[in-house]
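>>> Provide a 3D model corresponding to the input given below.
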Amino acid sequence: MDESPWGLMDGVLRLQFSEEGADTERLAVLTRYLRSELLQLDVESVRALPADQPQPGTRAFDVTIVGALLVDLGQAAEGLRSVVSVVRDWLRRGEGNGRTVRLELDGDSLELSRASEADQRRLIELFIRKHSTGETGS
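Numbers count the residues shown, from 1 in each chain. So this is what the prediction gives:
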């Protein structure tokens, strides 16, 4: 497998999300809830996105980026589609809270926020279709 621009292997979906006015504690709660939902899917793993490596000579401890998850899609054919479905439901439940989700896979990204339902559906289908056929690029 090839590595992505962030040093991740292909087949690993990066989710980064935010909510207007949310503090770190709120984002941590949202991260746990979304991770819990994603773990119920047929994916290899769902883990917090680690922060940058510590500088040499500093004490290292496990620091993660709040509001970000890595989803290893594994070999499941419907993995990406099921993850995106959960993310869309999560966005809908937060409607009015100004939620945004950015999905990144194999060098491509898709940001979902206040787009209309029809626009979201169209963009998601294009993103899924591209990654289902093995195309790469921007």
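>>> Show me where the protein dips below the pLDDT cut-off.
Where the chain drops to pLDDT under 70, the residues are 1-10, 51-64, 76-77, 114-115, 133-138.
>>> Pick out the residue nearest the middle of the protein.
For the chain, L15 is the residue whose C-alpha lies nearest the centre (C-alpha atoms, centre = their mean; 1.5 Å).
>>> Shouldn't it be within a helix?
No - with DSSP: H, G, I helix; E, B strand; the rest coil as the criterion, L15 is strand rather than part of a helix.
>>> got a list of what it touches?
For L15, the contact set (C-beta atoms under 8 Å, 6 or more residues apart in numbering) comprises 34, 68-71, 83, 87, 101-103. Placement of C-beta: from N, CA and C, glycine included.
>>> And the strands in the protein?
For the chain, the strands defined by DSSP state E occupy 12-19, 45-50, 64-72, 99-105, 108-112.
>>> Could you point out which of these sits nearest L123?
Of all the strands of the chain, it is strand 108-112 that lies closest to L123, at 6.0 Å by C-beta to C-beta.
>>> For the closest one, which outside residues touch it?
Outside strand 108-112, the residues that touch it by C-beta under 8 Å, 6+ apart are 87-88, 91, 100-104, 120, 123-124, 127, 130-131, 136-138.
>>> what about L126, how many residues close to it?
Per other C-beta atoms under 10 Å, the neighbour tally for L126 reads 12.
>>> what about it, distance to S116?
Distance, L126 to S116, using C-beta to C-beta, to the nearest Å: 15 Å.
>>> picking up where we left off before, and the gap between the residue nearest to the centre of the chain and A118?
Using C-beta to C-beta, L15 is found at 22 Å from A118.
>>> With L80 instead?
According to C-beta to C-beta, L80 and A118 sit 20 Å apart.
>>> for this structure, what spans make up the helices?
24-39, 79-93, 117-132 (DSSP state H).
>>> Remind me what the second one packs against, helices and strands.
Same thing as helix 79-93. Packing partners of helix 79-93 (3 or more C-beta pairs under 8 Å, 6 or more residues apart in numbering; DSSP states H and E): strand 12-19, helix 24-39, strand 99-105, strand 108-112, helix 117-132.
>>> Please produce JSON lines containing these, extended by distance to S45.
Below are the helices and strands packed on helix 79-93 laid out as JSON lines (distance: least, C-beta to C-beta, whole Å):
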{"stretch": "strand 12-19", "distance to S45": "9"}
{"stretch": "helix 24-39", "distance to S45": "8"}
{"stretch": "strand 99-105", "distance to S45": "15"}
{"stretch": "strand 108-112", "distance to S45": "21"}
{"stretch": "helix 117-132", "distance to S45": "18"}
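>>> Cool, thanks, talk later.
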